[in-house]
Structure formats: C-alpha cells, structure tokens
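K.L.:
here's a sequence, model it:
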Amino acid sequence: METIEQLVAEARAVDASGEYALRALKSMDLTSLGLDDTEEKIADLCGRALTPTGHVAAVCVYDKFVPQCRKALGGTGVQVATVCNFPEGDDDIEAAEAEAKAQVAAGAQEVDVVLPYRAYLSDHRDAALSLVRAVKTACGTQARLKVILETGELKALDVIRDASLDAIANGADFIKTSTGKVTVGATLEAAAVMLKALKGVQAGIQRPLGCKPSGGISTVKDAAGYLFLADTIMGEGWATPETFRFGASSLLGDVLKTLGIDTAPGDSPGY
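P.N.:
Numbering: from 1, shown residues only. Modelled structure (predicted):
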C-alpha cells in the first residue's frame, strides 16, 4: 500500500484537464463568507452557480442569506449550505445547537460546523464531540452535517486521523478540512489522511460519507490533485457531488476558463 508521501507526490504530478475541471465544477460548494456580503453579492453568487456547462453542487453562505438562496436556486438541484460555530470553533454546545436549529428552520440543507479544535487538542475531546452530536441532532434528517476539522490547526496527521474518525462516529456526514480563515487551509496530506479514515470505516456505516477539502483551492490543478487522491484511495467512481466537495470562492473562474467559458471578472470572498 502506498504511503501518504507517495500518494501526495503522485497527486502533485497530475495534469489539469477539462475532465478534472468539469468534475470540480459539479462538486463545488461555491462560497461567499465575507463580512461585507450583501444581498446583491449573494444574488450574483447564485447566478454564477448556474453555468452553461452545468451547476455547482451547493452555495455556502452565512445563515441570514439562506432564504434568499433557497428562493433563487429552487428547482435547480443546487443545495444551500451555511456555517455554524464559525469560524472560531468555540465549545459552547447550547449556542451551537441553537444556531443549527435556526439554520435548519430557515431552510439550510447542509450545515458546516466547526469542530471545537482547541478543546479537542487540549484533551477535552468528549466536550468537542458533544457539540458535534448536538448539532447533528439539530440537523435531524433535514440537513447534512459537514464537520470542519480545521486541519491546519490540528497539524499532526495522526491527530487529523483521530479527529476524522471521531467526527464520523459522532454523526458527521462529511469531514471537511478547513474554515479558510486560518493560515493553513487544505493540504493534500490532510486530505489523504481523511480519505483513508473514510475508507476504513465506510463499510461499517450505513449513511453515505463524504470529504470536503476547502481553504486555498483556487485552480483546476489544485482540484485535480484532490480528485486524484479520492480516485486512488476510495476507488474510481466514488467521488461524486454526493460524496466529495470543494469549498471554494475563486476556483470557479479557473474551472470555466479551462472549459473555454467566458466569465465576468470578480469572485466572492470566502475560502
């Protein structure tokens, strides 16, 4: 079996192509999480989510924009995601649960919650995972739960593996690398560890599980490396919009350029 280092070296050598660009488009969570977001900016985001070549998997916005996105994207198949306990990753369970309940009530179809990673690193793992369970309960059957591990802060690959397994065991439908709000976002090394964790437990879990690299992924070349890892570790055909997402704001422009589609200048702030 190949080591993480070997897999990452191979992933870095993958050439960007139209095939990877199209796959990245269909698996993208087109994101705008800027403090200066307005209804006009979010309307533009929703418009860009629908392209001549197909639509993205989801838009990810602050919860106050969820109803607007649901209305704008109704009937398109594009999911509306929001963020919870974001970006700080606090350990206030009641606050996170209440926030998630309100988000689901507002129409959020996916909730990306930040694992209390500082608590997790401080040997308060039970408290951190209690928050994940509470938010999972708040999501119920109405919203999928993505748990943001903040891998750039967890740092050690064995800790990233443990956090991946713990998040899944406590209700995560997706495990996600990063908020995009810290110095180190997604890395191929972290994604490889997370995918290996998924591979090891998927057979024993009935619900579909997924992985979402986010933070600093801005080109088709970047995306191709992560898709290569998913294909190699999980098997060809596994990485679909149901199981694999990119959290990105600036990736769409390079995807459309690679596919030969003219785009208007400007990308939303976010990951």
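K.L.:
quick one: residues contacting the nearest residue to Gln103 once chain neighbours are set aside.
P.N.:
Nearest residue to Gln103 in three dimensions, chain neighbours excluded: Asp63, at 4.7 Å (Cβ to Cβ, 6 or more residues apart in numbering). (Each C-beta comes from the backbone N, C-alpha and C, glycine too.) Residues in contact with Asp63 (Cβ atoms under 8 Å, 6 or more residues apart in numbering) are Thr82, Val83, Glu99, Ala102, Gln103, Ala106, Ala108.
K.L.:
pretty sure the second one sits in a strand.
P.N.:
Yes - going by DSSP: H, G, I helix; E, B strand; the rest coil, the assignment for Val83 places it inside a strand.
K.L.:
so where does the closest residue to Leu7 other than its chain neighbours fall, helix or strand?
P.N.:
Closest residue in space to Leu7, ignoring its immediate chain neighbours: Ala192 at 5.1 Å, by Cβ to Cβ, 6+ apart. If you go by DSSP states H and E, Ala192 is part of helix 188-201.
K.L.:
list the buried ones in that helix?
P.N.:
In terms of neighbour count (16 or more other Cβ atoms under 10 Å), helix 188-201 has its buried residues at Leu188, Glu189, Ala190, Ala191, Ala192, Val193, Met194, Leu195, Lys196, Ala197, Leu198.
K.L.:
need those in JSON lines with distance to Leu149, can you?
P.N.:
Compiled in JSON lines, the buried residues of helix 188-201 are given as follows (distance: Cβ to Cβ, whole Å):
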{"residue": "Leu188", "distance to Leu149": "15"}
{"residue": "Glu189", "distance to Leu149": "13"}
{"residue": "Ala190", "distance to Leu149": "8"}
{"residue": "Ala191", "distance to Leu149": "11"}
{"residue": "Ala192", "distance to Leu149": "14"}
{"residue": "Val193", "distance to Leu149": "10"}
{"residue": "Met194", "distance to Leu149": "8"}
{"residue": "Leu195", "distance to Leu149": "13"}
{"residue": "Lys196", "distance to Leu149": "14"}
{"residue": "Ala197", "distance to Leu149": "10"}
{"residue": "Leu198", "distance to Leu149": "13"}
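K.L.:
and which of these is nearest Pro52?
P.N.:
For those, the minimum distance to Pro52 (Cβ to Cβ) is 29.5 Å, reached by Ala191.
K.L.:
for that closest one, what are its contacts?
P.N.:
Thr177, Cys211, Pro213, Tyr226, Leu229.
K.L.:
next one: Thr137
P.N.:
Residues in contact with Thr137 (Cβ under 8 Å, 6+ apart) are Glu97, Gly171.
K.L.:
and it, helix, strand or coil?
P.N.:
helix.
K.L.:
which stretches of the stretch 51-200 of the chain form helices?
P.N.:
Ranges of helices in the stretch 51-200 of the chain, per DSSP state H, counting those that start in this stretch, are 66-73, 93-105, 117-121, 125-139, 151-154, 157-169, 188-201.
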